[in-house]
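Enquirer: Okay, sequence plus prediction incoming.
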Amino acid sequence: MANRKWAVKRLTINLASQEAQTLDNYCNTTGRPATDVIRELIRKLGATANV
């Protein structure tokens, strides 16, 4: 298996309690980690940012 090297930037975000609960619920329901969910949402922003 190829060894991938990622350029990583660590972010800390502040979420309201309800936002954090929504993310936790989604992750528990889908079995996906929060990191993957957030990355996917950011990628969708890039796809729609062609303004």
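Expert: Structure's in. What do you need? For clarity, every value in this text was computed on a predicted model and none was experimentally measured.
Enquirer: pLDDT at Asn3, what is it?
Expert: Asn3 carries a pLDDT value of 64.
Enquirer: now do the one 3 residues further on
Expert: Per-residue confidence for Trp6 comes out at a pLDDT of 71.
Enquirer: Identify the residues contacting the helix or strand of the chain with the lowest mean pLDDT?
Expert: In the chain, the helix or strand scored least confidently by mean pLDDT, DSSP states H and E is helix 34-48, which has a mean of 91. Applying C-beta atoms under 8 Å, 6 or more residues apart in numbering, the contact partners of helix 34-48 are 23-24, 26-27, 30. Heads up, the C-betas are built off the backbone N, CA and C, glycines and all.
Enquirer: Repeat the analysis, applying 7 Å as the threshold.
Expert: 23, 26-27 (C-beta atoms under 7 Å, 6 or more residues apart in numbering).
Enquirer: Which member of those residues is positioned nearest Ile13?
Expert: Nearest to Ile13 out of the contacts of helix 34-48 is Leu23 (C-beta to C-beta; 10.0 Å).
Enquirer: measure that closest one to Trp6 for me?
Expert: For Leu23, the distance to Trp6 equals 22 Å [C-beta to C-beta, to the nearest Å].
Enquirer: out of those two, which sits in the more crowded spot?
Expert: Leu23 (14 against 5; other C-beta atoms under 10 Å).
Enquirer: which non-adjacent residue is nearest that one?
Expert: Excluding its sequence neighbours, the residue lying closest to Leu23 (C-beta to C-beta, 6 or more residues apart in numbering) is Ala34, at 5.7 Å.
Enquirer: Which pLDDT value belongs to Asn50?
Expert: We have a pLDDT of 64 for Asn50.
Enquirer: Spit out the contact partners of Ser17.
Expert: Contacts of Ser17 (C-beta under 7 Å, 6+ apart): none.
Enquirer: Could you report the separation of it from Leu23?
Expert: For Ser17, the distance to Leu23 (C-beta to C-beta) stands at 11 Å.
Enquirer: repeat for Lys5
Expert: From Lys5 over to Leu23 (counting by C-beta to C-beta), the distance is 28 Å.
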